[in-house]
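Asker: My questions are about this predicted structure, shown below with the sequence.
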Amino acid sequence: MTRRRDAIPGGKGDRAKRSDFDPKQLRVGCKIEREHTRSQRLACEIAMDHLTEDGRYYSKLCRIHREKPCRLLSDAGRRGQRGGRRTRRR
């Protein structure tokens, strides 16, 4: 059995596998973290570190920042698309 090589030693997701995470959260996380690096592998490792701390990290981030990749998350991608104004249902 071969172990995957760790690009960022000491990260919180070092012992985790991709299958341990929600695929939508991980896909969005990998896209968002690409702003920090050109390497897809490194971006996904950063995302796995964040998701190890909080499994809904990118849903929460998307509610705050409304990043483009957030549209991939069904629960976060639809909120606030009307210029940030929320209407109260009565």
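Answerer: That came through, no problem.
Asker: So which elements touch the lowest-mean-pLDDT helix or strand in the chain?
Answerer: Within the chain, confidence by mean pLDDT, DSSP states H and E is lowest for helix 57-65 among all helices and strands, at a mean of 88. Packed against helix 57-65, as judged by 3 or more Cβ pairs under 8 Å, 6 or more residues apart in numbering; DSSP states H and E, are the following elements: helix 23-33, helix 40-53. C-beta: built from backbone N, CA, C; applies to glycine.
Asker: Low-confidence bits of the protein, can you list those?
Answerer: Low-confidence segments of the chain, defined by pLDDT under 70, are located at 1-11, 67, 74-90.
Asker: what about 90?
Answerer: Under the criterion of pLDDT under 90, the regions of the chain flagged as low confidence span 1-18, 35-36, 61-90.
Asker: what's the nearest residue to residue 53 if we skip its chain neighbours?
Answerer: The spatial neighbour of residue 53 that comes closest, neighbours along the chain excluded (Cβ to Cβ, 6 or more residues apart in numbering), is residue 12 at 5.8 Å.
Asker: In contact with that neighbour: list those residues for me.
Answerer: The contact partners of residue 12, by Cβ atoms under 8 Å, 6 or more residues apart in numbering, come to 49, 52-53.
Asker: Over to it. Which of the three states is it?
Answerer: Following DSSP: H, G, I helix; E, B strand; the rest coil, the label given to residue 12 is coil.
Asker: separation between it and residue 54?
Answerer: The gap separating residue 12 from residue 54 is 10 Å, by Cβ to Cβ, to the nearest Å.
Asker: circling back to that earlier point, just the buried residues from the contacts of residue 12, in ChimeraX please.
Answerer: Below is the selection syntax for ChimeraX that covers the buried ones among those, with 16 or more other Cβ atoms under 10 Å defining burial:
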select :49,52
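Asker: In contact with the nearest residue to residue 25 once chain neighbours are set aside, which residues?
Answerer: Spatial nearest neighbour of residue 25, chain neighbours left out: residue 58 (5.1 Å); criterion: Cβ to Cβ, 6+ apart. Contacts were defined as Cβ under 8 Å, 6+ apart; by that measure residue 58 touches 25, 28-29, 32, 47, 50-51, 70, 73, 76.
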